[in-house]
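Peer 1: coords below, sequence missing:
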Ligand SMILES: Cc1cc2nc3c(=O)[nH]c(=O)nc-3n(C[C@H](O)[C@H](O)[C@H](O)COP(=O)(O)OP(=O)(O)OC[C@H]3O[C@@H](n4cnc5c(N)ncnc54)[C@H](O)[C@@H]3O)c2cc1C
C-alpha cells in the first residue's frame, strides 16, 4: 500500500519497451502515480510485432525464455497467460560455409515462448494489468530539473511534469542524447553520460520473406542460428512454428542479417536489403526457394547492446530522483533481461521514495 509520501510522488518513465512497462506495472501496483512517454505509436519497443496479409509476425525480438523465477512469475502468474504459446521445434546452427548442425541440446531443452497475437502483446498486457498512463507518439527531446523536480520537453516544445522521479529506459545512445540535452545544475548528469557512453549497440536488419508454399527449415528446426558470426545471416526462423502467426499453406521466414553486414549496408534501400536476404536464405537452404510472395523489413538502429553498463554506477543519480533501466544494463539483447532491469528499477525507486 502506498504511504503518504508516495501519494505525492509522481514518476515519469521514458520508453514503453519491456523495461519501462515492467517498471510502470510494478510501481503503479505500489501506489505511485506513473506516466510513461513513448515516441512510437505502438508499445513494447523492440519486442515488436506486425500484421500483414493474414500473418502476424515478430520482427524484433523473436522469442523469449523466462530465464529467472522473477520473469516466469510475471509472465505466467501476474499477467494473463492464455495467449502465450510455446514455440515448437529446435534451434539448429550453421557456420560461415552454410554447414548446418543440430544445436545445443541443453538450450533446445528450454522452452521458447511468444504470444499468439505477437510478442508485442507483452507490452499491451503490462499496460492493461497496471494502472498508469502511456502517452504515445510523444518523443521526449530534452529534460530539465528545477529544485527537486523534473520536467520533460517533447519534440513540439510542450512541457510535461513536474515529476519527482524520472526513469530513463531507451537504448543507451538515445539516453545519452537526452542527458546531453538536460538543463540541470548537477554534475551527476555528465557522470551518467560517461557511464552510458560505454555501452555499444549493434544495428541489425530483420527481413520477412513470405511464400505461397511450404518451406521447411532443415532438421524440422524452428530456427537456424549462425554459430561463428561469420555468415551474412545471423538468424533464420520460421514464424509458422508459432501458433496463430501464419495461415496454412504459406511460409513466413524471418531473416536477421549479421551485425557486420547490417553496419556495412545500413543506408541501402529496403528493396536491396530484401534481395540480399532472399539470396542468402536461398543459398543456405540449397537454392530451392520458391518465388517470393511478399516481403517486409525493419532496420533496427540500436538492436542489441554488446557490453553492459553497471547499474551500481548509476546509484548516485538516485539522490536526484534519476533512475535507469533497459538492456544497456544487461549487455545483450534480451526481453527477460530488460524486464528484470525494469522490476529492479521499481524496487530501487520504492526503497528511495
Ligand atoms: C532484431 C532483434 C532481434 C531480437 N531477438 C531477441 C530474441 O529473440 N529474444 C530476446 O529475448 N530478445 C531479443 N532482442 C532484444 C530485445 O528485443 C531487447 O533487448 C528488449 O526488447 C529491450 O527492451 P528495452 O525496454 O530495454 O528497450 P526498448 O524495447 O528499445 O524500449 C525503449 C523504448 O523507448 C522508446 N524511446 C526511445 N527514446 C525515446 C524518447 N526520447 N522519447 C520517448 N520514447 C523513447 C523507444 O521507442 C522504445 O519503445 C532482439 C532485438 C532485435 C532488434
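Peer 2: The structure has been received and is ready for your questions. Computed from a predicted model, the values in this text were never measured in an experiment.
Peer 1: chain center to the helix or strand where residue 114 lies, what's the gap?
Peer 2: Taking DSSP states H and E as the definition, residue 114 sits inside strand 113-115. Computed by Cα atoms, centre = their mean, to the nearest Å, the chain-centroid distance of strand 113-115 equals 14 Å.
Peer 1: so how far is the helix or strand just after it off the chain centroid?
Peer 2: As assigned by DSSP H and E, the chain's next helix or strand after strand 113-115 is helix 121-129. Chain-centre distance of helix 121-129: 14 Å, with Cα atoms, centre = their mean.
Peer 1: buried sites along helix 121-129?
Peer 2: Going by neighbour count (16 or more other Cβ atoms under 10 Å), the buried part of helix 121-129 is 121, 122, 123, 124, 125, 126, 127. The way it works is simple: take the backbone N, C-alpha and C, and place the C-beta from them, glycine included.
Peer 1: ok, now stretch 168-181?
Peer 2: Buried positions in stretch 168-181, judged by neighbour count with 16+ other Cβ under 10 Å: 168, 169, 170, 171, 172, 173, 174, 175, 176, 178, 179.
Peer 1: same deal with stretch 46-64?
Peer 2: 46-50, 55-64.
Peer 1: Now do it: distance from first to last residue.
Peer 2: End-to-end distance for stretch 46-64, by Cα to Cα, to the nearest Å: 12 Å.
Peer 1: Is any residue of that stretch near the ligand?
Peer 2: Yes - using Cβ under 6 Å from any ligand atom, stretch 46-64 comes into contact with the ligand via 46, 47, 60, 61, 62, 63, 64.
Peer 1: In three-state terms, how would residue 13 be classified?
Peer 2: strand (DSSP: H, G, I helix; E, B strand; the rest coil).
Peer 1: Look up which residues are beta-bridged to residue 91.
Peer 2: Counting by DSSP bridges, residue 91 is bridged to residue 223.
Peer 1: ok, now how distant is it from the ligand?
Peer 2: From residue 91 across to the ligand, the span is 10 Å (Cβ to the nearest ligand atom, to the nearest Å).
Peer 1: List the residues that contact that residue.
Peer 2: 103, 107, 108, 112, 221, 222, 223, 224, 225 (Cβ atoms under 8 Å, 6 or more residues apart in numbering).
Peer 1: hmm, 10 Å instead?
Peer 2: The contact partners of residue 91, taken as Cβ atoms under 10 Å, 6 or more residues apart in numbering, are 63, 102-104, 107-108, 112, 217, 219, 221-225, 235, 237.
Peer 1: Dihedrals phi and psi, residue 277?
Peer 2: phi -70, psi -40 (degrees, to the nearest 10).
Peer 1: That one touches residue 253, doesn't it?
Peer 2: Yes - between residue 277 and residue 253 there is a contact at 8.9 Å, judged by Cβ atoms under 10 Å.
Peer 1: so what's in contact with these two at the same time?
Peer 2: Residues touching both residue 277 and residue 253 (Cβ under 10 Å, 6+ apart) are 207, 208, 209, 236, 295.
Peer 1: Buried subset of the contacts of residue 91, written for PyMOL?
Peer 2: Per 16+ other Cβ under 10 Å, the buried members of the contacts of residue 91 correspond to this PyMOL selection:
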select buried, resi 63+103+108+112+217+221+222+223+224+225+235+237
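Peer 1: and the buried residues of stretch 168-181, which of them are in strands?
Peer 2: Assignment to strands by DSSP state E places the following of the buried residues of stretch 168-181 there: residue 168.
Peer 1: TSV for the buried residues of stretch 168-181, including distance to residue 344 and pLDDT?
Peer 2: Converted to TSV, those look like this (distance: Cβ to Cβ, whole Å; pLDDT from 0 to 100):
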residue	distance to residue 344	pLDDT
168	14	98
169	12	99
170	17	98
171	18	98
172	17	98
173	21	98
174	20	98
175	16	98
176	21	98
178	20	98
179	20	98
